[in-house]
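Undergrad: Quick one, fold the following:
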Amino acid sequence: MTDLDRLLDFAARSRLPEGGFGYLGDDGRVRPERGQETWIVARMTHVFGLARLTGRGGWDELVRHGVEALAAGPLHDGGRGGWYASTADDTKAAYVHAFAVLAGATATAAGAPGGRELLDEALGVWQTRFWDDTAGLAVEEWDAGWARLSDYRGVNANMHGVEASLAAADALGDADPRAAQLRGQALRTLERVVHGWAREGDWRLPEHFTAEWQPLPGYNRDEPAHPFRPYGVTVGHQFEWSRLALHARAVTPDAPSWLLDDATGLFTAAASRGWAADGHDGFPYTLDWDDRPVVTARMHWVLCEAVAAAETLAAVTGDASYRRLAAHWWAHGEARFADPGTGSWRHELTPEGAVATGTWEGQPDAYHLAQVLLLRGRPVRGSVAAALL
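TA: Residues are numbered from 1 along each chain as shown. Below you'll find the model as predicted:
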């Protein structure tokens, strides 16, 4: 049994009999007190769709289960449109809607019943409620009735919007005019975020902004370990943006040279400033604006994204040094994060390698680890799903 098979078997335990997927603890049991969360339901649907695309049997039912939950479950607002953040939070956020698009795209690519309908609906909400064509970026969060838009703007949701847009374009196919539109929007966002703010900041990317897209460098200084909006420079996101620039480059005719140049610059800064920044092996969650560690906890997803970005750069450039870095970091992950009892990776560790829970408890997220396992050794396409076809 491969690492991916063990991970998938563990992830399958998240299935809820009433529909959707739940939050898994370290023991592989769903934590019912958390209810359902759209980002988890959508990510699990995406992961099981990827499993189906590898040719593995037995995953069709779980993809269908996820699609049905997103299409008609308690997270879906059938009357007003869109998806609530969770069964306990009725806000409608760009972050979770990006993952609804991604789930629909992968389900479509996998040929799942209802996948195309989910994709069409999610894209409609994304384009009408979140995409700001003037800014070339997505807005952040609405109330349940789409009446009040938050003044906060963030690049985390935009990063996943780029991922989802590229995946949706691949799933729709070039004959659909929306494919070119979505790829163009992804490129515009990358240009503002990576070629703009990241490059201008010497590869220290601000994550938080006002409604007018003015940076807020002190945002969440009093809550630096926030799981989605931490203070400072988020090392894992630097790697993720680097990789997404290369996915966009793969599907952009006459791609501008800055996509590769900036992907390389962003990656190099994250690797050199992040690794062992506090004297311990591994990547701290966040750094301040002078490259000093803020939250020193090690997150599994940060290491996964570092490996995925290194593997993607190796595939694009042919430079073996990236593959050596990927192998070194992967060995560190297998030694520190891998949980032989679950087949997944522990989500958070102290710098010394003990299990920590300052930001994440349990092992709810198979998305980052599944993607890095699937990207290795495959061609660079617009999306992970397209690389499997």
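Undergrad: Quick one: residues contacting Ser383.
TA: Ala105, Thr106, Glu163, Leu166, Ala167, Asp170, Ala171, His247 (Cβ atoms under 8 Å, 6 or more residues apart in numbering). Placement of C-beta: from N, CA and C, glycine included.
Undergrad: and the gap between it and Trp142?
TA: As judged by Cβ to Cβ, to the nearest Å, Ser383 and Trp142 stand 26 Å apart.
Undergrad: tell me the contacts of Trp197?
TA: Trp197 neighbours (Cβ under 8 Å, 6+ apart): Val155, Leu205, Pro206, Pro215.
Undergrad: In three-state terms, label it for me.
TA: helix (DSSP: H, G, I helix; E, B strand; the rest coil).
Undergrad: For Val30, give me phi and psi.
TA: Phi and psi for Val30, reported as degrees, to the nearest 10, are phi -70, psi 140.
Undergrad: Could you verify my assumption that it touches Ser14?
TA: Yes. Assessed by Cβ atoms under 8 Å, Val30 is found in contact with Ser14 at 6.2 Å.
Undergrad: what sits in contact with each of these two?
TA: With Cβ under 8 Å, 6+ apart as the test, Val30 and Ser14 both reach Gly22, Tyr23, Leu24.
Undergrad: Now tabulate those in a markdown table and tack on distance to Thr296.
TA: Formatted as a markdown table, these follow (distance: Cβ to Cβ, whole Å):
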| residue | distance to Thr296 |
| --- | --- |
| Gly22 | 30 |
| Tyr23 | 25 |
| Leu24 | 25 |
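Undergrad: Looking at those residues, which one is closest to Leu118?
TA: Proximity of the shared contacts of Val30 and Ser14 to Leu118 was ranked by Cβ to Cβ; the top entry is Gly22 with 19.7 Å.
Undergrad: circling back: compare the contacts of Ser383 and tell me which is most surrounded.
TA: Neighbour count (other Cβ atoms under 10 Å) singles out Thr106 as the most crowded of the contacts of Ser383, with 35 neighbours.
Undergrad: Let me know the closest of the contacts of Ser383 to Ala326.
TA: Once Cβ to Cβ is applied, the member of those that ends up nearest Ala326 is His247, at 16.6 Å.
Undergrad: thinking again about what came up before, narrow the shared contacts of Val30 and Ser14 to those in strands?
TA: Among these, no member falls in strands (DSSP state E).
Undergrad: quick one: buried residues of stretch 28-42?
TA: By neighbour count on 16 or more other Cβ atoms under 10 Å, the buried set for stretch 28-42 is Gly28, Val30, Arg34, Gly35, Gln36, Glu37, Thr38, Trp39, Ile40, Val41, Ala42.
Undergrad: And for stretch 67-85?
TA: Under 16+ other Cβ under 10 Å, the buried positions of stretch 67-85 are 67-71, 73, 75-77, 82-85.
Undergrad: So which of those are in strands?
TA: Per DSSP E, these never map to strands.
Undergrad: now those residues as CSV including pLDDT and distance to Thr252?
TA: Below are the buried residues of stretch 67-85 laid out as CSV (pLDDT from 0 to 100; distance: Cβ to Cβ, whole Å):
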residue, pLDDT, distance to Thr252
Val67, 98, 29
Glu68, 98, 35
Ala69, 98, 34
Leu70, 98, 29
Ala71, 98, 32
Gly73, 97, 36
Leu75, 98, 33
His76, 98, 33
Asp77, 98, 34
Gly82, 98, 29
Trp83, 99, 29
Tyr84, 98, 34
Ala85, 98, 32
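Undergrad: which one of the contacts of Trp197 is nearest Met299?
TA: Leu205 (16.9 Å).
Undergrad: what are the ranges of the strands in the stretch 201-350 of the chain?
TA: 208-209, 233-234, 286-287, 298-299, 348-349 (DSSP state E, counting those that start in this stretch).
Undergrad: Of all those strands, which one is nearest Ala94?
TA: Going by Cβ to Cβ, the one of these nearest Ala94 is strand 208-209, 12.8 Å.
Undergrad: wait, Trp301 sits on Gly236?
TA: Yes. Using Cβ under 8 Å, Trp301 is in contact with Gly236, at 5.8 Å.
Undergrad: and which of the buried residues of stretch 28-42 is nearest to Glu61?
TA: Distances from Glu61 to the buried residues of stretch 28-42, taken by Cβ to Cβ, are shortest for Val41, at 15.1 Å.
Undergrad: and that closest one, what does it touch?
TA: Gly20, Phe21, Gly66, Ala69, Leu70, Gly73, Leu75, Ala103.
Undergrad: surely the fifth one meets Ala42?
TA: Yes. Contact criterion Cβ under 8 Å: Leu70 and Ala42 qualify, at 6.4 Å.
Undergrad: Dead centre of the chain: give me the residue that sits there.
TA: Geometric centre of the chain, nearest residue: His160, 5.4 Å, by Cα atoms, centre = their mean.
Undergrad: While we're on that one, how confident is the model there?
TA: According to the prediction, His160 has pLDDT 98.
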